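1. Below are the sequence and a predicted model for it; my questions follow.
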Amino acid sequence: MRSSHGRPTIRDVAREAQVGLGTVSRVLNGGKEVSGATRERVLATIRGLGFRPNAQARRIHRQYSEIICFVLSNRDFLNSFHARILQGVEDCARLLKQHVLFAAANYESKTAPHHIILPAILGERGLFDGLILAGTNYPNFIHRIQNLKIPFVAFGNNIVDFKGLKRFDQVSYDGTQGEVEMVRYLLSRGHRLIAFVGDTTYPWARVRHEAYRNVLWEAGLEPASITNPGSLSLVEFGEWACSRILDCQPRPTAVVAMNDEVAHGLWRALRRRGIQVPRDISLVGFDDRDVATLMDPPLTTVRVKQMEIGQACMRILLERLHHPEMAFVEQVLSTELVVRGTVSQL
């Protein structure tokens, strides 16, 4: 028998299965205090009646919302790198029966933490269980979030100038090892005049630049770097650096770009000058973004497993929610050298 309004309720399930409301509730919420036979009878009744549990009621019972918030700071949403991290979060959340909200935060690095204007959704306490912080974040924002007492996991490579212990969970990729593998690959192809192009005001570019220099020094070679900071976009930075590369004496035979966007800008500027890659100069990038395969020839680069970063962030956040006293986690994911068509053999 169904309720008078036609939609089966939890009372209908209890009546048909001949159990109490508490028993049905425990079955719905995964409680272990129900015998196997009773559980099967309740589940069979739920299927037979076509009962659909109220999600909000389950959340109240469990005392968490099954919702997390993905916060993208100081970045355009169309940025493919962070969009793939979000996709990884979504994929993992779907498998784990979680839901994902999105919020954008834009702030200045020098703003006092308590003066940072947060996305309105972060003021809705109880709406979500925790945060995943992506984009580019500075210590003031991290401290602001910590003061809210909301569990969070941060994308570690893009945290700028954080001093002291990072007493929070984070997921990063190994930028140093990726750069080392790339420069050693160029050396194995016979290149000895290798230049680095990148804006080292970005912390992830500084890490790669240091790794590039160390490999060349170990090989007894002299680094040649174009690292001038500026207000240009990364593609524009690559275009701007082209003439400086060509003016170098002796001219480099290979260029290591700080990422695929810089490499794309260099590639476009070289083509306009009639200089072919890799016939006249070899070129490599970092990240393995979509643009890498759109270049002609496709770009040799280092693959950052962006979706795996998102998945790891989601899993660690859920661990933190279920085990709030556990030690802080710093997970570092490996990268992968992807050889395509932009490096010649000397």
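-> Cool, the structure landed.
2. From the centroid of the protein, which residue is nearest?
-> When Cα atoms, centre = their mean is applied to the chain, the residue found nearest the centroid is I85 (3.7 Å).
3. any idea of the mean pLDDT for the helix or strand that residue falls within?
-> Following DSSP states H and E, one finds I85 within helix 80-95. The average of the pLDDT scores along helix 80-95 is 93.
4. helices or strands next to that helix in the packing?
-> With contacts defined as 3 or more Cβ pairs under 8 Å, 6 or more residues apart in numbering; DSSP states H and E, the packing partners of helix 80-95 are strand 67-73, strand 99-105, strand 130-135, helix 306-322. C-betas here are computed from N, CA, C, even on glycine.
5. Export the ones you listed to a markdown table and append columns for mean pLDDT, distance to D287 and mean neighbour count.
-> Output for these, formatted as a markdown table (pLDDT from 0 to 100; distance: least, Cβ to Cβ, whole Å; neighbours: other Cβ atoms under 10 Å):
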| stretch | mean pLDDT | distance to D287 | mean neighbour count |
| --- | --- | --- | --- |
| strand 67-73 | 93 | 17 | 23 |
| strand 99-105 | 92 | 21 | 16 |
| strand 130-135 | 95 | 14 | 24 |
| helix 306-322 | 95 | 8 | 21 |
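6. and of the ones you listed, who's closest to V207?
-> helix 306-322 (15.8 Å; Cβ to Cβ).
7. What residues sit buried inside whichever helix or strand comes after the closest one?
-> Counting by DSSP H and E, the next helix or strand C-terminal to helix 306-322 is strand 330-333. Under the neighbour-count criterion of 16 or more other Cβ atoms under 10 Å, strand 330-333 has Q331, V332 buried.
8. Just give me how far strand 330-333 sits from the chain centre.
-> 12 Å (Cα atoms, centre = their mean, to the nearest Å).
9. what's the answer for stretch 169-179, then?
-> Counting by Cα atoms, centre = their mean, stretch 169-179 comes out at 11 Å from the chain centroid.
10. Name the residues of that stretch that are buried.
-> Using 16+ other Cβ under 10 Å as the test for burial, stretch 169-179 gives D169, Q170, V171, S172, Y173, D174, G175, T176, G178, E179.
11. Let me have those residues in CSV, extended by distance to R303 and secondary structure.
-> Formatted as CSV, the buried residues of stretch 169-179 follow (distance: Cβ to Cβ, whole Å; DSSP: H, G, I helix; E, B strand; the rest coil):
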residue, distance to R303, secondary structure
D169, 24, strand
Q170, 20, strand
V171, 16, strand
S172, 15, strand
Y173, 10, strand
D174, 12, coil
G175, 12, helix
T176, 15, helix
G178, 8, helix
E179, 13, helix
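12. Kindly tell me how buried V215 is, as a neighbour count.
-> Residues within reach of V215, counting by other Cβ atoms under 10 Å, total 21.
13. all strands of the chain, in order?
-> With DSSP state E as the criterion, the chain has strands at 67-73, 99-105, 130-135, 152-155, 169-173, 194-197, 224-226, 254-257, 282-284, 301-303, 330-333, 336-338.
14. Low-confidence regions, the stretch 101-250 of the chain specifically.
-> Low-confidence segments of the stretch 101-250 of the chain, defined by pLDDT under 70: 124-126.
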